[in-house]
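Quick one: sequence and predicted model below, then my questions.
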Amino acid sequence: MISVEYVQLMARYNAWQNKALTETVEALDEDEVTRDRGAHFGSIFATLNHLLWADRLWMARIDGWVRPDGGISESVALYPTLAAWKADRTRADARLVLWARNLRPAALRGDLTWMSGSTGREQRKPIAVCVAHLFNHQVHHRGQIHAMLTAAGAHPAPTDLAFMPEVI
């Protein structure tokens, strides 16, 4: 379904995009970043928090990271400040890249079983699907953030995978 090379590419893409979004967000006033914009999670910052929370949750399931506290409704308040969020986002992205770099094909075979807070029941899915979901979820919410940044008058960097540095 997916390959180690795909996972490595997407981990690098995730880090590249998060760095670019962070630079754009840091250039805005705090009021712009925390303003409710009618998105699913409300503000740019709430969506950034949710995305980091979800990355940490999926990697807790996939690779044994520490599970973040709370459920989806609490995910929007993972960090109270942009500086605290940025520090953990940077660490998480570096860990994802390192995990992908060391990944072996066998790790993408078999099933992953977990208790889902959103469905209230145990789930069992192919691990490759869960890894693909991790990256798809990131792209989905970064798209929302990109749209909110544009609406705030910012000019986020391009998001095209084909133009990521070092894409061969």
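Structure's in. What do you need? Residues are numbered from 1 along each chain as shown.

which helix is the longest one in this structure?
In the chain, with assignment by DSSP state H, the single longest helix is helix 127-151.

next one: it to chain centre, how far?
6 Å (Cα atoms, centre = their mean, to the nearest Å).

if you average pLDDT over it, what comes out?
The pLDDT scores in helix 127-151 average 97.

same deal with stretch 39-56?
97.

residues near the residue lying closest to Gly110 once chain neighbours are set aside, how many?
The shortest distance from Gly110 to any non-neighbouring residue, by Cβ to Cβ, 6 or more residues apart in numbering, is to Ile127 (5.7 Å). (Each C-beta comes from the backbone N, C-alpha and C, glycine too.) When neighbours are counted by other Cβ atoms under 10 Å, Ile127 registers 18.

contact partners of stretch 23-41?
Where contact means Cβ atoms under 8 Å, 6 or more residues apart in numbering, the residues beyond stretch 23-41 that reach it are 42-50, 75-76, 82, 86, 144-145, 147-149, 151-152, 154-157.

Which stretches in the protein count as strands?
With strands called from DSSP state E, the chain shows them at 111-116, 121-126.

which other helices and strands contact the first one?
To tie it back to what came earlier, the one meant is strand 111-116. In terms of contacts (3 or more Cβ pairs under 8 Å, 6 or more residues apart in numbering; DSSP states H and E), strand 111-116 is packed against helix 44-63, strand 121-126, helix 127-151.

List the buried residues for it?
Of the residues in strand 111-116, 112, 114 count as buried by neighbour count, 16 or more other Cβ atoms under 10 Å.

Check stretch 60-76 too.
Within stretch 60-76, the residues that count as buried by 16+ other Cβ under 10 Å are 61-62, 65, 68, 75-76.

from the residues you listed, which two are the most distant?
Spanning the widest gap among these are Ile62 and Val76, at 22.6 Å by Cβ to Cβ.

how close does Asn18 sit to Gly38?
From Asn18 over to Gly38 the distance is 23 Å, taken as Cβ to Cβ, to the nearest Å.

And for Ala151?
Distance, Ala151 to Gly38, by Cβ to Cβ: 10 Å.
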